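Asks: Predicted model, plus sequence, below.
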Amino acid sequence: MNIPEQYQIKSLLHQNNYLVDGELRPWSGESSEVYSTISSTQNYAPTLLGTIPTLGEKEALEAMDAAVNAYNKGQGLWPTMKVNDRIACMEKFVTQMKTKRDEVVKLLMWEIGKSLPDSEKEFDRTVDYIYDTIEEYKQLDRDNAKFEKNDGVYAHIRRGPLGVVLCLGPYNYPLNETFALLIPALIMGNTAIFKPAKFGVLLISPLLEAFQSSFPKGVVNIIYGRGRTVATPIMQSGKVDVLALIGNSKSANALQNEHPKSNRLRLVLGLEAKNPAIVLKDADLDLAIDECIAGTTSFNGQRCTALKIVYVHEAIVDEFNKRFAKRVDALKFGNPWESGVKLTPLPEPDKPQYIQELIDDALAKGASILNEKGGQTTENYIFPAVLYPVNKDMRVFQEEQFGPVIPVLSFKDINEPLDDMAESNYGQQVSLFGSDIKTLAPLIDTLVNLVCRVNLNSSCQRGPDVYPFTGRKDSAVATLSVHDALRSFSIRTFVASKDNAYNNAILKNLLESKASNFVSTDYIL
Ligand code: G3H
């Protein structure tokens with residue numbers, strides 16, 4: 001195997017501690033091996049990358065207690081700390097994180113098969129996200145550094161933390177999306193228990209010391225193990241205030257149902273989606289095909305925002321299919337560090353089999369594979385099959401494939417895709433291709449009520465991270481963006497006092513003495 005020197009796995013990474021209550025606690029109990037589906041040898045064999053602790057309920061509950069104690073009913077050091085001081089901790093963390101770029105990028109490639117440029121982008125985007133979050137928090141704080149008065153009552157309103165957050169991220173963005181939850185949760189003064197995703201877990205190891213040295217003890221606790229063993233008892237304790245999860249609604253529902261008092265539990269969830277592309281008959285076909293290629297195949301379709309179903313007007317479907325299928329076949333498959341590679345090994349060993357089942361089901365129900373390479377299988381991959389014509393009875397129509405297979409449907413009447421979207425369980429985004437404003441205008445007005453982002457002549461995506469990322473139905477709860485995440489992980493809370501000489505003198509003293517971290521009109525620059 002021709003693996004560049006710097007990307008070879010020369011030693012195993014044995015993660016033999018975990019972060020609880022500010023300590024990297026050694027672990028000598030059971031551990032699980034972490035494999036990459038990428039082979040290091042000529043004859044295919046998964047590559048062993050290292051091991052992670054298989055923690056049990058006891059360790060999980062210790063982590064939870066550490067987070068509960070650090071929050072200390074809202075009286076802990078972290079939730080009461082001056083905004084400036086929490087920002088200083090976050091700045092310390094990101095400075096240390098940046099020194100780990102190479103290690104994290106290499107692990108991203110091996111653990112989840114993400115290409116080198118995309119792995120670098122994931123790391124850099126996360127660093128930018130942290131800096132942007134810090135700036136946004138300063139702005140929020142500046143906006144709140146004031147008193148307002150209504151009906152003779154003064155109010156000093158800020159956003160306060162919610163409490164203890166259980167944070168679970170997905171394998172497709174094991175760094176970026178997890179941090180898109182964790183970072184805003186922490187900066188707002190919450191404490192957290194974080195369990196890395198099933199794949200993309202060792203890449204957190206290089207950051208453990210940065211977490212340990214940057215935040216007060218118990219503020220961030222990082223645990224490993226099976227979700228059922230560690231996350232379930234944490235939820236059952238009833239001590240979690242926020243479930244922050246990017247993944248699927250099944251696990252989110254299962255976990256939230258474990259909480260004894262569902263009314264107390266706040267949810268920040270990014271869930272599954274089946275974003276459609278709708279190609280109208282007057283669409284610029286070159287542009288539509290470019291965007292649909294990116295939308296359906298980036299990271300092998302393993303993105304919640306991926307285009308997972310493509311509707312093409314019947315007048316242009318033959319031309320679209322011919323050109324689209326050719327473009328899919330031209331995509332280069334290879335290992336993540338290979339130059340120009342667009343398709344890469346799938347991290348889930350059973351994914352090729354699952355995708356094959358979807359293809360077989362579609363073929364049995366009347367679809368064909370339009371591209372020559374479609375469905376070609378190797379040990380860790382199945383080449384994207386363009387399936388046409390797809391109908392509602394097929395599994396590939398109903399299920400979120402989250403992998404390399406592309407169902408195409410034709411439509412005559414625009415109400416066909418609109419009705420499908422209205423009936424669907426998902427409601428994240430849509431890509432709409434066309435140019436005639438008389439057609440587009442009413443369509444846009446409908447689509448914005450079916451999903452939360454209408455991408456005009458562009459593929460679906462989450463970024464730029466300043467834009468709201470959310471969804472309807474089974475696709476999301478709460479909104480994430482640099483700005484919105486700070487809101488999602490906090491609640492408005494305020495000090496109010498009737499306007500009279502007695503109260504005003506006290507307020508004045510509070511402000512002048514700078515004794516309170518909450519009652520303050522200081523500007524953070
Ligand atoms: O898995 C879903 C991600 O949020 C998609 O994000 O559009 O930046 O790839 P992206």
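Replies: Nice, I can see it.
Asks: how far away is the residue found closest to residue 166 once you drop the neighbours it is linked to in the chain from the ligand?
Replies: Of all residues not flanking residue 166 in the chain, residue 240 sits nearest, at 4.8 Å (C-beta to C-beta, 6 or more residues apart in numbering). C-beta: built from backbone N, CA, C; applies to glycine. Using C-beta to the nearest ligand atom, to the nearest Å, we find residue 240 at a distance of 23 Å from the ligand.
Asks: repeat for residue 231
Replies: Counting by C-beta to the nearest ligand atom, the gap from residue 231 to the ligand is 20 Å.
Asks: quick one, what contacts that residue?
Replies: Residues in contact with residue 231 (C-beta atoms under 8 Å, 6 or more residues apart in numbering) are 60, 166, 168, 195, 255.
Asks: Now with 6 Å, please.
Replies: With contact set as C-beta atoms under 6 Å, 6 or more residues apart in numbering, residue 231 has these partners: residue 255.
Asks: One more: the one 10 residues further on?
Replies: With contacts defined as C-beta under 6 Å, 6+ apart, residue 241 is in contact with 162-164.
Asks: most surrounded residue in the residues you listed?
Replies: The most crowded member of the contacts of residue 241, judged by other C-beta atoms under 10 Å, is residue 164 (25 neighbours).
Asks: What are the phi and psi values at the nearest residue to that residue once chain neighbours are set aside?
Replies: Ranked by C-beta to C-beta, 6+ apart and with sequence neighbours excluded, the top spatial neighbour of residue 164 is residue 67, at 4.7 Å. Dihedral pair for residue 67: phi -70, psi -40, per degrees, to the nearest 10.
Asks: Kindly report the same for residue 36.
Replies: Backbone torsions of residue 36, given as degrees, to the nearest 10, read phi -100, psi 150.
Asks: Would you agree the residue nearest to residue 164 is in contact with residue 193?
Replies: Yes. At 5.2 Å, residue 67 counts as touching residue 193 under the criterion of C-beta atoms under 6 Å.
Asks: any common contacting residues for the two?
Replies: Joint contacts of residue 67 and residue 193 (C-beta under 6 Å, 6+ apart) are residue 221.
Asks: Would you confirm that residue 174 contacts residue 197?
Replies: Yes. Residue 174 lies in contact with residue 197 (C-beta under 6 Å); the separation is 4.7 Å.
Asks: which of these two has more neighbours?
Replies: Comparing residue 174 with residue 197 by other C-beta under 10 Å, the one with more neighbours is residue 174, at 27 against 24.
Asks: From the ligand, how far out is that one?
Replies: 11 Å.
Asks: Quick check: chain neighbours aside, which residue is closest to that residue?
Replies: residue 200 (2.6 Å).
Asks: Tell me the secondary structure at residue 32.
Replies: strand (DSSP: H, G, I helix; E, B strand; the rest coil).
Asks: Touching, it and residue 54? I think so.
Replies: Yes. The criterion here is C-beta under 6 Å, and residue 32 meets it with residue 54 at 5.0 Å.
Asks: okay, and the common contacts of these two?
Replies: The contact sets of residue 32 and residue 54 do not overlap (C-beta under 6 Å, 6+ apart).
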